[in-house]
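[1] Only the shape, not the letters, is given here:
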Ligand code: ATP
Ligand code: RIB
């Protein structure tokens, strides 16, 4: 049987506005469309794991409102066990306003709402889920205290810990002791530079940043490089896993799809290399579709593509 995955994180309703170009400060522009799409880094990663065949449960908080109901319904239909998601009466569901330009690039502003109540106490109340899972996945859209507590608890229980450090934490905001408890850290280029306290943005700075995180005890650093694929840095050295060449229309949740896919394959017993290939392929499909959870492919689509492309991992 596949190992259980627990995703601990945020759930947002994304308000996605398509436009030709992003507004600059003080400018008013006309948008093209406004869509409401379930999102939030935690929910997106759980959704990806569910759609891609993982046995996944989620811990997170929504409001007792229509956005929260829709979010839970969407995760249910993706195969995620949502029984322990908490509906808070006093807080609204988290929201994100997302601008997407005609190149498919985005700018995102998140208002935490109920995500801010995903605290240590709530995680303690759901300790059984930590005990029953083999992989525990975190991102950075819930309170830091809860993230640090959750990572320590999962590590203490001997679980594999995945942290997607997004949005990027400030240097030092994740204590070294917590970094040393992470098995798989999955920053993008900006996040690895920030966490590794580097100032450049070139590949050498990225590698140096990842190396420093490895020195602090992280098991494997997987830097997602957008259309360039993934850089893996671990005790075996540095390896690049190139991305498929596609025409991106919206990169929202590319990283989330990558994380959900990665942990799903690891939980199925795949090697890290195989899991990265699968996750690269899944997220290359996601960027060709609009929205967050709406863009995540089904497991069969990814396997068909891997076979037709003759991808060898
Ligand atoms: P986001 O914050 O938008 O979710 P991210 O910055 O966390 O994204 P990226 O590094 O942009 O994550 O992308 C994650 C993965 O998605 C990449 O490692 C790659 O596998 C895939 N990907 C992203 N952009 C492209 C692209 N243009 N073409 C092919 N694959 C892509
Ligand atoms: O990673 C994409 C997600 O970031 C969006 O769905 C949005 O809700 C923000 O959390």
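    Cool, the structure landed. Here the structure is a predicted model, which means the values were calculated and not measured. Ligands and ions are numbered 1, 2, ... in the order given.

[2] C-alpha only now, for contacts and for neighbours.
    Noted.

[3] Enumerate every residue touching the closest residue to residue 140 other than its chain neighbours.
    The shortest distance from residue 140 to any non-neighbouring residue, by CA to CA, 6 or more residues apart in numbering, is to residue 166 (5.2 Å). Residue 166 is in contact with 139, 140, 141, 187, 191, counting by CA atoms under 8 Å, 6 or more residues apart in numbering.

[4] Pretty sure residue 166 sits in a strand.
    No - under DSSP: H, G, I helix; E, B strand; the rest coil, residue 166 sits outside any strand and is assigned coil.

[5] dump the residue contacts of the residue lying closest to residue 172 once chain neighbours are set aside.
    Nearest non-adjacent residue to residue 172, counting by CA to CA, 6+ apart: residue 195, 7.6 Å away. Residues near residue 195 by CA under 8 Å, 6+ apart: 168, 169, 170, 171, 172, 209, 213.

[6] right, and residue 242 touches residue 225 too?
    No - checked against CA atoms under 8 Å, the pair residue 242 and residue 225 is beyond contact range at 9.0 Å.

[7] Those two: who's more crowded?
    residue 225 (20 against 17; other CA atoms under 10 Å).

[8] Surely that one touches residue 188?
    Yes - shown here, residue 225 and residue 188 form a contact pair, counting by CA under 8 Å, at 6.1 Å.

[9] for the protein, what spans make up the strands?
    Secondary structure of the chain (DSSP state E): strands at 4-8, 12-18, 33-39, 55-59, 61-63, 86-88, 94-100, 106-111, 135-138, 160-163, 184-185, 220-224, 230-234, 237-241.

[10] which stretch among these comes nearest ligand 2?
    Proximity to ligand 2 (CA to the nearest ligand atom) singles out strand 33-39 among the strands of the chain, at 3.5 Å.

[11] So that closest one, near ligand 2 or not?
    Yes - contact between strand 33-39 and ligand 2 is present through residue 39 (criterion: CA under 6 Å from any ligand atom).

[12] Check stretch 55-64 too.
    No - counting by CA under 6 Å from any ligand atom, ligand 2 is not contacted by stretch 55-64; separation bottoms out at 12.7 Å.

[13] just how off-centre is that stretch within its chain?
    Chain-centre distance of stretch 55-64: 14 Å, with CA atoms, centre = their mean, to the nearest Å.

[14] i'd like the first residue to be 504 from this point on
    All right, first residue 504 from here; so that's stretch 558-567.

[15] measure that stretch end to end?
    End-to-end distance of stretch 558-567: 26 Å, with CA to CA, to the nearest Å as the criterion.

[16] which parts of it are buried?
    For stretch 558-567, burial by neighbour count (16 or more other CA atoms under 10 Å) applies to 558, 559, 560, 561, 562, 563, 564, 565, 566, 567.

[17] ok, the last one touching residue 592?
    Yes - taking CA under 8 Å as the definition, residue 567 is a contact partner of residue 592 at 5.3 Å.

[18] Could you restrict the contacts of residue 669 to the ones contacting ligand 2?
    Applying CA under 6 Å from any ligand atom to the contacts of residue 669, none is adjacent to ligand 2.

[19] which of these count as buried?
    In those, the ones that pass as buried (16+ other CA under 10 Å) are 642, 643, 644, 690, 694.

[20] Nice, that's everything, thank you.
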